[in-house]
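Participant: Sequence below, structure please.
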Amino acid sequence: EEAAGVISCYEVQFVPGLLQTEAYARAVVELGSLAAPQREIDRRVEVRLRRQRLLQGEQAPAVYAVIDEAALHRPCGGPEVMRGQLARLLELTEHPGIEIQVMPLGFAGAGVESGTFSLLSFREPDLA
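Facilitator: Residues are numbered from 1 along each chain as shown. I've put the predicted structure just below:
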């Protein structure tokens with residue numbers, strides 16, 4: 001991810017990790033780690049937030065994210081967390097290197113069987 005020039009992702013269940021607020025990330029991690037100790041949850045959230053730092057600076061990759069509309073309706077962390085997450089997505093649409101699209105609920109599908117995926121394109125030809 002750190003070497004990518006372009007990150008393209010499709011997410012069905014949740015907002016992509018690179019675009020999550022801390023509160024939303026915590027809710028997602030807690031949902032998937034019900035038996036995990038608090039320090040492990042904190043560590044996972046910190047790793048997710050640390051990944052987001054690559055979106056800053058001159059060498060930031062372009063990000064193209066497609067989010068299934070169902071993910072935006074799924075109450076993850078409660079109304080305040082969701083409000084904050086939706087506000088963050090709107091804020092990110094102003095970033096020149098980030099494009100966010102929402103796949104409507106009535107759409108037949110993206111033609112992928114596995115659900116969530118990310119594609120990375122690299123600046124360095126040796127990594128391609």
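Participant: okay, CA-based contacts and neighbour counts for the rest of this
Facilitator: Will do.
Participant: Quick one: residues contacting the spatially most central residue of the chain.
Facilitator: For the chain, the residue nearest the mean C-alpha position is residue 16 (1.5 Å; C-alpha atoms, centre = their mean). In this structure, residue 16 makes contact with 9-10, 65, 67, judged by C-alpha atoms under 8 Å, 6 or more residues apart in numbering.
Participant: Export the residues you listed as TSV, with columns for distance to residue 121.
Facilitator: Formatted as TSV, those follow (distance: C-alpha to C-alpha, whole Å):
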residue	distance to residue 121
9	11
10	15
65	14
67	19
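Participant: What is the nearest of those to residue 75?
Facilitator: Of all the contacts of residue 16, the one sitting nearest residue 75 is residue 67; the distance, using C-alpha to C-alpha, is 14.9 Å.
Participant: List the neighbouring strands of the helix or strand that contains the closest one plus their orientation.
Facilitator: Here residue 67, judged by DSSP states H and E, is contained in strand 62-68. Pairing partners of strand 62-68, with direction, according to DSSP bridges: strand 4-11 (parallel), strand 98-103 (parallel).
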